[in-house]
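Asks: The following comprises the amino acid sequence and a computationally predicted model.
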Amino acid sequence: HGCNIGGQEGHKAANCANGTVNWREKFGDDAFILREERPYVEEPEPDYDSMAEKAKAYAQAKLAADAAVNMDTIVQAAQTEFAHCIKVAPPAPAAAPVAAPPAKTTIAGWTTYYDQMGRPYYHNAASGQTLWEMPAEMRAAMAAST
């Protein structure tokens with residue numbers, strides 16, 4: 001990019017015709033004072049066994065504290081304390097039990113199975129093919145039987 005001395009695009013500072021920079025004037029004497037070299041001090045190796053014991057003790061204490069918390073009591077206290085400023089929605093009705101999927105059926109070599117969400121899928125054991133959409137052969141056989 002541009003020259004860091006003259007600011008001209010396309011040439012290097014070493015080739016700048018605008019002269020040189022008085023770096024001492026630009027940055028001050030403190031920028032050019034050599035600092036004392038500091039000796040390297042090796043840090044002692046951490047006591048990993050002690051750290052592991054402390055972490056295990058903390059985890060056990062946290063689990064015990066979490067087990068002692070009764071969320072129903074906390075929710076009740078919050079509802080009582082803040083009843084005047086918030087409306088608490090009534091509890092949601094219990095979810096209806098999930099109906100068992102229909103029994104598997106085999107028509108025209110295709111067997112209907114159901115996944116965990118109750119969606120049907122179709123498998124042909126002879127060809128090893130599996131489809132999410134009802135196969136045309138199965139649809140035709142069902143139409144012919146009605």
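Replies: Okay, I see it.
Asks: From now on I want contacts and neighbour counts done on CA atoms only, so please keep to that.
Replies: OK.
Asks: For the protein, give me the ranges with low pLDDT.
Replies: Where the chain drops to pLDDT under 70, the residues are 1-21, 86-90, 95-101.
Asks: Can you tell me which residue is spatially central in it?
Replies: The residue lying closest to the centre of the chain (CA atoms, centre = their mean) is residue 59, at 22.9 Å.
Asks: name the element that residue belongs to?
Replies: For residue 59, the host element (DSSP states H and E) is helix 48-68.
Asks: Show me what that helix is packed up against.
Replies: Helices and strands touching helix 48-68, by 3 or more CA pairs under 8 Å, 6 or more residues apart in numbering; DSSP states H and E: there are none.
Asks: next SSE after that helix?
Replies: Remark: after helix 48-68, the chain's next helix or strand is helix 71-81, criterion DSSP H and E.
Asks: Just the CA trace of the helix holding residue 59, in PDB.
Replies: The C-alpha coordinates for helix 48-68 follow below in PDB (Å, rounded to 0.1, in the frame of the first residue of the first chain):
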ATOM      1  CA  TYR A  48      -3.300 -32.100  39.200                       C
ATOM      2  CA  ASP A  49      -4.300 -34.700  41.800                       C
ATOM      3  CA  SER A  50      -5.300 -32.000  44.200                       C
ATOM      4  CA  MET A  51      -7.200 -30.100  41.500                       C
ATOM      5  CA  ALA A  52      -9.100 -33.300  40.600                       C
ATOM      6  CA  GLU A  53     -10.000 -34.000  44.200                       C
ATOM      7  CA  LYS A  54     -11.300 -30.400  44.600                       C
ATOM      8  CA  ALA A  55     -13.300 -30.600  41.400                       C
ATOM      9  CA  LYS A  56     -14.800 -33.900  42.400                       C
ATOM     10  CA  ALA A  57     -15.800 -32.500  45.900                       C
ATOM     11  CA  TYR A  58     -17.300 -29.400  44.200                       C
ATOM     12  CA  ALA A  59     -19.300 -31.600  41.800                       C
ATOM     13  CA  GLN A  60     -20.700 -33.700  44.600                       C
ATOM     14  CA  ALA A  61     -21.600 -30.700  46.700                       C
ATOM     15  CA  LYS A  62     -23.300 -29.100  43.600                       C
ATOM     16  CA  LEU A  63     -25.300 -32.300  43.000                       C
ATOM     17  CA  ALA A  64     -26.400 -32.500  46.600                       C
ATOM     18  CA  ALA A  65     -27.400 -28.800  46.600                       C
ATOM     19  CA  ASP A  66     -29.400 -29.200  43.300                       C
ATOM     20  CA  ALA A  67     -31.100 -32.300  44.700                       C
ATOM     21  CA  ALA A  68     -32.200 -30.300  47.800                       C
END
